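Visitor: When you get a sec, could you give me coordinates for this:
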Amino acid sequence: MTAATGAPGGVFQTPSLKRRMASFVYEGLLLFGIGLFPGALGALFVALTGHQHPLQSDTALRAITLLIYAVYFSWFWSARGQTLPMQTWHIRVVTADGRPLSEARALARFVASCAWFAPAAAIAALNHWTRWQGLAAVAIGVIGYALLALLHPQRQFWHDALCGTRLIDARPTPVPKT
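Guide: Predicted coordinates for the structure are as follows:
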């Protein structure tokens with residue numbers, strides 16, 4: 001683990017890349033479930049009315065899902081500093097000086113974190129790749145982006161450096177036995 005000074009009461013520990021990626025995979029599983037809601041609501045609308053609403057296009061559903069993700073991450077990061085996967089893996093997001101994130105900074109971090117996917121997804125779309133080719137491009141992009149953290153002085157992700165945030169180790173301190 002890499003230590004970085006600047007915490008109000010001491011030193012922050014950066015969680016290992018392995019722990020952060022485990023949290024990332026867990027987050028992906030949750031996001032898959034959350035991402036099903038817009039489609040399920042659209043299917044329910046069609047079943048009840050027999051008509052397709054204009055907001056049921058692929059583009060509209062993707063935009064609605066992205067908006068839901070933005071609300072999800074912004075709320076958890078600003079209210080608690082952690083999503084459920086981050087809590088499970090004892091990782092917290094804070095500002096560079098150790099304070100909780102404001103809602104605006106959490107939203108900016110969400111937008112900047114789209115760097116995990118956006119470049120590869122854009123390349124796949126511009127080249128009219130199949131869904132599987134696009135998925136492979138995104139997977140390679142995610143791995144490449146994660147490895148870029150090894151080039152950061154405190155091993156932080158680059159969207160965190162851009163937004164003035166950082167991921168810290170939030171494991172509970174052991175209570176001494178008396």
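
Visitor: quick one: low-confidence ranges for this protein?
Guide: 1-11, 51-57 (pLDDT under 70).

Visitor: Recalculate using a threshold of 90.
Guide: 1-12, 35-65, 115-118, 121, 171-178 (pLDDT under 90).

Visitor: mind listing the strands in it by residue range?
Guide: 2-7, 10-14, 91-95, 165-169 (DSSP state E).

Visitor: Skip the chain neighbours and tell me the closest residue to Met86.
Guide: Ranked by CB to CB, 6 or more residues apart in numbering and with sequence neighbours excluded, the top spatial neighbour of Met86 is Ser23, at 5.5 Å. From N, CA and C alone the C-beta is placed, and that goes for glycine too.

Visitor: In this structure, where's the longest helix?
Guide: helix 17-49 (DSSP state H).

Visitor: Packing partners of that helix?
Guide: helix 58-79, helix 84-88, strand 91-95, helix 131-148 (3 or more CB pairs under 8 Å, 6 or more residues apart in numbering; DSSP states H and E).

Visitor: Just name the most buried of the ones you listed.
Guide: strand 91-95 (a mean of 21; mean count of other CB atoms under 10 Å).

Visitor: Neighbouring strands - and their directions - for it?
Guide: As defined by DSSP bridges, the strand partners of strand 91-95 come to strand 165-169 (antiparallel).

Visitor: if we can go back for a sec, now tabulate the helices and strands packed on helix 17-49 in JSON lines and tack on distance to Ser113.
Guide: Output for the helices and strands packed on helix 17-49, formatted as JSON lines (distance: least, CB to CB, whole Å):
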{"stretch": "helix 58-79", "distance to Ser113": "8"}
{"stretch": "helix 84-88", "distance to Ser113": "13"}
{"stretch": "strand 91-95", "distance to Ser113": "10"}
{"stretch": "helix 131-148", "distance to Ser113": "10"}
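
Visitor: Was I right to think Ser23 contacts Trp89?
Guide: Yes: proximity of Ser23 to Trp89 meets the contact threshold set by CB atoms under 8 Å, at 4.1 Å.

Visitor: what's the overlap in contacts for the two?
Guide: Common contacts of Ser23 and Trp89 (CB atoms under 8 Å, 6 or more residues apart in numbering): none found.

Visitor: what does stretch 81-94 rub up against?
Guide: Counting by CB under 8 Å, 6+ apart, 12, 15, 19-20, 22-24, 26-27, 30, 72-73, 76-77, 80, 100-101, 106, 109, 160, 165-172 sit against stretch 81-94.
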